[in-house]
Structures are given as structure tokens and as C-alpha cells.
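K.L.:
Take a look and give me a structure for this.
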Amino acid sequence: MDTFDPDMTCRVHDGLNDQIIEWSPHWASMYREHASRWDDGVISWDGLLLDGWAPIVHGHPCGH
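P.N.:
Purely as a prediction, here's the structure:
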């Protein structure tokens, strides 16, 4: 999560619930205000444990 840019639309992985969430840049200010480091490479935010992210590449069938 060291390179995560909350201003960019992407997908994030919530390790707590093992789910992929489509990130909205509208959440960036709340993320900056309330996110905290949970563990190495894991961010606690809004009841989630974010442990990975991937950009959304438009035009590719699987989004990768």
C-alpha cells in the first residue's frame, strides 16, 4: 500500500473480509484523515484492512 494513490480510481483488497472493492477518489480526503498503519503493508481504514491495490485499465476485458 506504499504506492497507493487515493486520488486514483482503482481496486483495493480488503484482507479482513477478503474482498475486492472498487475505490472511489471521492473517499480520498476521508482516507487521508482517518487511515492508519495496521501492519507492514496494511492500512486500517473505515473498518477495512487494505492490503493491496491494482489500477483499473479501461478497455481490457478483465480490467487488468
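
K.L.:
can you pull the contacts of residue 13?
P.N.:
Residues near residue 13 by CB atoms under 8 Å, 6 or more residues apart in numbering: 19, 20, 21, 50, 51, 52, 53. Glycine gets a C-beta too; all of them are placed from N, C-alpha and C.

K.L.:
Just give the nearest non-adjacent residue to it, would you?
P.N.:
residue 52 (4.1 Å; CB to CB, 6 or more residues apart in numbering).

K.L.:
just residue 8 next, same as before
P.N.:
residue 25 (6.5 Å).

K.L.:
what about the helices in this structure?
P.N.:
Remark: helices assigned in the chain by DSSP state H are 28-34.

K.L.:
pull the longest strand from the chain.
P.N.:
Ordering each strand of the chain by length in residues (DSSP state E) puts strand 48-55 first.

K.L.:
all strands of the chain, in order?
P.N.:
Going by DSSP E, the chain shows strands at 10-14, 19-23, 36-39, 42-45, 48-55.

K.L.:
Just the C-alphas of the second one, formatted as CSV.
P.N.:
Taking only C-alpha atoms (Å, rounded to 0.1, in the frame of the first residue of the first chain), the coordinates of strand 19-23 have been written out as CSV:
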residue,chain,number,x,y,z
GLN,A,19,-13.0,-8.8,-0.9
ILE,A,20,-12.1,-6.5,-3.8
ILE,A,21,-13.6,-3.0,-3.7
GLU,A,22,-13.6,-0.5,-6.5
TRP,A,23,-12.0,2.5,-4.9
